[in-house]
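[1] Next one to model:
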Amino acid sequence: MRQTPAPIKVQPSRTVRSLAEDVLDGLFEPPRHLPPKYFYDAHGSRLFDAICQTPEYYPTRTEMALLSRHAAEIVQLAGPTVIVELGSGSGAKASLLIGACAAQDRQVCYAPFDVCADVLTESGLALQREFPWLNVAPLVGDFTAGLEHFPLPAGRRLLMFLGGTIGNFTEGDARDFLSEVCALMHEDDYLLLGADRVKSPALLHAAYNDRRGVTAQFNLNVLSVLNAELGADFDLANFEHRACYNEAAQRIEMYLDSVVDQLVGFPELGRTLELQAGESILTEISRKFSDESLQALLHGAGLRVARHFESSPPLFSLVLATRAGN
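    Below you'll find the predicted structure:
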């Protein structure tokens, strides 16, 4: 079995604000908001894994089923020698594509890109236990910091951005991010994008308000992150989780609602947050796509759809895209 090398740090091409800067910018004046990336401390990551196991949360298992069903065709069409996964996490989804490569006697290099070096090392070792021939070239960094300095391995590349994460971007930010991905691609490269679909508001509501309350714990945990990292004194019992579908914007919006009038101290920032009962903090958006809005997003980023794989009923999509004009 090959050894997984230490992750290579990808230098940011633009400044990414710190947690303190995001808090100062987002919390102290309405509309109050926090970026969703702060959900994912160690405990938050475990909670998200638990969310994916709840019966109501369809996206992960639906996307995995699509990948299992179409991995061979995706590999046949893309013909990669390199698989690059942006926001790779555990690498479980990539393993389905790597397995399809093995079945077609196609050896590939896998380049996972994520923010946590330890997770990259652990996931790389797990994949090499499964595929001893696999060359893993991990990259550590934040994809929201820009891709100008991203060291794409040479070869025919299949880039992947899965999990419906594109829905956590605003419309403009999603287009800008995919434009950066497009700029990385050569004419024979492909992008595999996972996108959640517009569907019944009742089904969406259930997915983000599971009966066991795991999503509520996940949402509230961001306050624990602020307590731990910035010395804040949030009392989690003073907040309630709320997730609702904004039909006009075609997106889930997740909030933390203050249930009492309260003051929250941030001694390290020299600030105090005053909240009235009923005030809300927006912690995440999750946009849902129609065929038309998904096509428009890719077209606006300079990409075209080569193949569209969707579940039946159409709960989730995988889109294989190339640079427009190819």
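[2] going forward, measure contacts and count neighbours with C-alpha atoms only.
    OK.
[3] For residue 245, which residues are in contact?
    Going by Cα atoms under 8 Å, 6 or more residues apart in numbering, residue 245 touches 201, 204-205, 251-253.
[4] And residue 7, by the same measure?
    117, 120-121, 137-140.
[5] Please list the members of these that lie in strands.
    Counted as lying in strands by DSSP state E, out of the contacts of residue 7, are 139-140.
[6] Which of the contacts of residue 7 are buried, as a PyMOL select command?
    The buried subset of the contacts of residue 7, as determined by 16 or more other Cα atoms under 10 Å, is captured in PyMOL by this line:
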select buried, resi 117+120+121+137+138+139+140
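[7] Identify the farthest-apart pair in the contacts of residue 7.
    Spanning the widest gap among those are 117 and 137, at 11.9 Å by Cα to Cα.
[8] Now do the contacts for residue 57.
    If a contact means Cα under 8 Å, 6+ apart, then residue 57 has 51, 206-208, 210 as its contacts.
[9] That one and residue 50: what is the separation?
    Distance, residue 57 to residue 50, using Cα to Cα, to the nearest Å: 10 Å.
[10] and if you look at residue 143?
    Separation of residue 143 from residue 50 (Cα to Cα): 24 Å.
[11] Please identify which of these two sits among more neighbours.
    Between residue 143 and residue 50, counting by other Cα atoms under 10 Å, residue 143 is the more crowded of the two (19 against 14).
[12] In the stretch 201-326 of the chain, where is pLDDT below threshold?
    326 (pLDDT under 70).
[13] Do a quick rundown of the strands in it.
    For the stretch 201-326 of the chain, applying DSSP state E, counting those that start in this stretch gives strands covering 239-246, 251-258, 262-266, 271-275, 280-287, 303-310, 316-323.
[14] Generate a markdown table for the ones you listed, with distance to residue 90 as supplementary columns.
    Listed next are the strands of the stretch 201-326 of the chain as a markdown table, based on distance: least, Cα to Cα, whole Å:
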| stretch | distance to residue 90 |
| --- | --- |
| strand 239-246 | 26 |
| strand 251-258 | 25 |
| strand 262-266 | 34 |
| strand 271-275 | 36 |
| strand 280-287 | 21 |
| strand 303-310 | 23 |
| strand 316-323 | 19 |
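[15] among those strands, which is nearest residue 177?
    Using Cα to Cα, the strands of the stretch 201-326 of the chain put strand 303-310 closest to residue 177, at 12.0 Å.
[16] I'd say residue 268 and residue 231 touch.
    Yes. Taking contacts as Cα atoms under 8 Å, residue 268 lies within contact range of residue 231: 6.4 Å.
[17] Looking only at neighbour counts, state which of these two leads.
    Neighbours per residue (other Cα under 10 Å) separate residue 268 from residue 231, with residue 231 holding more: 15 against 11.
[18] Pull the contacting residues for that one.
    Residue 231 touches 266-268, counting by Cα under 8 Å, 6+ apart.
[19] Spatially central residue in the protein, please.
    In the chain, the centroid-proximal residue (Cα atoms, centre = their mean) is residue 165; its distance is 3.4 Å.
[20] contacting residues for that residue?
    Counting by Cα under 8 Å, 6+ apart, residue 165 has contacts 194-195, 286.
[21] go with 10 Å
    Going by Cα atoms under 10 Å, 6 or more residues apart in numbering, residue 165 touches 87, 174, 193-196, 286-287.
[22] Which of those fall within helices?
    In helices, defined here by DSSP state H, the members of those are residue 174.
[23] Of the strands of the stretch 201-326 of the chain, flag the one that's most buried.
    Ranked by mean neighbour count, the strands of the stretch 201-326 of the chain are led by strand 316-323 with a mean of 25 (mean count of other Cα atoms under 10 Å).
[24] Can you list the strands that that strand pairs with?
    Using DSSP bridges, the strands paired with strand 316-323 are strand 190-196 (antiparallel), strand 303-310 (antiparallel).
[25] nearest to residue 273, of those?
    For residue 273, the closest of the strands paired with strand 316-323 is strand 190-196, at 34.8 Å, according to Cα to Cα.
[26] hang on, the earlier thing: make a markdown table out of the contacts of residue 231 and add distance to residue 179.
    Shown next, in a markdown table, are the contacts of residue 231 (distance: Cα to Cα, whole Å):
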| residue | distance to residue 179 |
| --- | --- |
| 266 | 38 |
| 267 | 40 |
| 268 | 38 |
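[27] and of those, the nearest to residue 244?
    Out of these, the member with the shortest distance to residue 244 (by Cα to Cα) is residue 266, at 29.0 Å.
[28] tell me the contacts of the closest one?
    Residue 266 neighbours (Cα under 10 Å, 6+ apart): 20, 23, 226-227, 230-234, 272-273.
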